[in-house]
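Trainee: Quick one: sequence plus predicted model below, questions after.
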Amino acid sequence: MEEEKKRGGVFLKTVLIVEFLIVAAMLFHFIIPARVDGESMMPTLEDGQCLIASVGVPKRGDIVLVDTGGQILVKRCVATAGESVGYGDGDVLINGDPLDEPYIMDGAHDYSDAWSGNVPDGCVFVLGDNRDHSMDSRVLGCIDLDEVLGVVRVILPGWIRF
């Protein structure tokens, strides 16, 4: 009887550990912790601020994590596949209409050398909120969805750092 209880306890512990490892692996596969590096998303996000993203297809307005070949960038998706990107009077135009962007840094922004055109299938067009200090699709061109690591779901308070 005593031996049976020991085996049952070991079995239960083993099952719990395996379940924990499976859940942890799933969370870290689908949930991506990240930290903002730089000022390209100010005033929305501060340098060093922590984020939690998850795997998903971004839509216009989403903040995304982008892998540009070794460097992870945090940017805002402003256009998706099939939409046209252009510029006029200091505004970003999506399908010819000015994009409402209450989140960007104030001031006139120079779009004279920026990429414009139709966003191809399987791609998105991303910009930093701090346009004067951002490496984004204006230079990089459209971003393939395979390079989008995740969509930011939670912006942690500035005092939480990891």
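Mentor: Yes, it's here. Numbering: from 1, shown residues only.
Trainee: Return the residues in contact with residue 152.
Mentor: Going by CB atoms under 8 Å, 6 or more residues apart in numbering, residue 152 touches 34, 51-53, 62-65, 74. For glycine as for every other residue, the C-beta is placed from the backbone atoms N, C-alpha and C.
Trainee: Swap in 6 Å and give it another go.
Mentor: By CB atoms under 6 Å, 6 or more residues apart in numbering, the contact set of residue 152 is 51, 53, 63.
Trainee: And residue 33, by the same measure?
Mentor: With the criterion set at CB under 6 Å, 6+ apart, residue 33 makes contact with residue 52.
Trainee: hey, what's it bridged with?
Mentor: When bridges are taken as DSSP bridges, the partners of residue 33 come out as residue 52.
Trainee: looking at this protein, which helix or strand is least sure?
Mentor: helix 2-30 (a mean of 62; mean pLDDT, DSSP states H and E).
Trainee: could the contacts of residue 152 go into TSV alongside pLDDT, distance to residue 80 and neighbour count?
Mentor: Shown next, in TSV, are those (pLDDT from 0 to 100; distance: CB to CB, whole Å; neighbours: other CB atoms under 10 Å):
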residue	pLDDT	distance to residue 80	neighbour count
51	93	21	20
53	93	17	22
63	97	14	23
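Trainee: Noted, bye for now.
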